[in-house]
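Participant: Structure of the sequence below:
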Amino acid sequence: MTEQQQDEENPDTAELWEADDARKRDGDTGLDGTPVEEIEEERRRRLAPENRPENAEVDNTDREFDVEKGMFTDEDGYEDAPKLYPPLGEGGA
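Facilitator: Numbers count the residues shown, from 1 in each chain. This next block holds a predicted model:
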């Protein structure tokens, strides 16, 4: 018995296999059956710079975050901000 056959006996996963099979039959679609091209176009529209709120931060990968101060190192007031949180590894978590 294959993994798919075993999962299809479980009602919780059978639906997932059926959806996956439908996507394969119908071409490239999202989980809800929406064509991938439509999903990508909606994503481009939502992420377009002209649709972002004023002062919205979109990509912080080039920024350094100070976990002790709880803010990015390039933020206004960073130099004067107090350390509010314990260093990583010392928070008891």
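
Participant: what number of residues lie near the closest residue to A81 other than its chain neighbours?
Facilitator: Distance criterion C-beta to C-beta, 6 or more residues apart in numbering; nearest residue to A81, sequence neighbours excluded, is K69 at 4.8 Å. Any C-beta I mention is one placed from the backbone N, CA and C, and that applies to glycine too. By the criterion of other C-beta atoms under 10 Å, K69 has 18 neighbours.

Participant: Then the one 10 residues further on?
Facilitator: Residues lying near E79 (other C-beta under 10 Å) number 8.

Participant: same deal with E68?
Facilitator: Residue neighbour count, defined by other C-beta under 10 Å, stands at 14 for E68.

Participant: Excluding chain neighbours, what is closest to it?
Facilitator: That would be K83: by C-beta to C-beta, 6+ apart, it lies 4.2 Å from E68.

Participant: quick one: pLDDT of that neighbour?
Facilitator: As summarised for this prediction, K83 has a pLDDT of 94.

Participant: again, but for A48
Facilitator: On the pLDDT scale, A48 is placed at 83.

Participant: which ones are touching the closest residue to P87 other than its chain neighbours?
Facilitator: Once flanking residues are discounted, P87 sits nearest to E68: 5.8 Å by C-beta to C-beta, 6+ apart. Taking C-beta atoms under 8 Å, 6 or more residues apart in numbering, we find E68 in contact with K83, L84, Y85, P86, P87.
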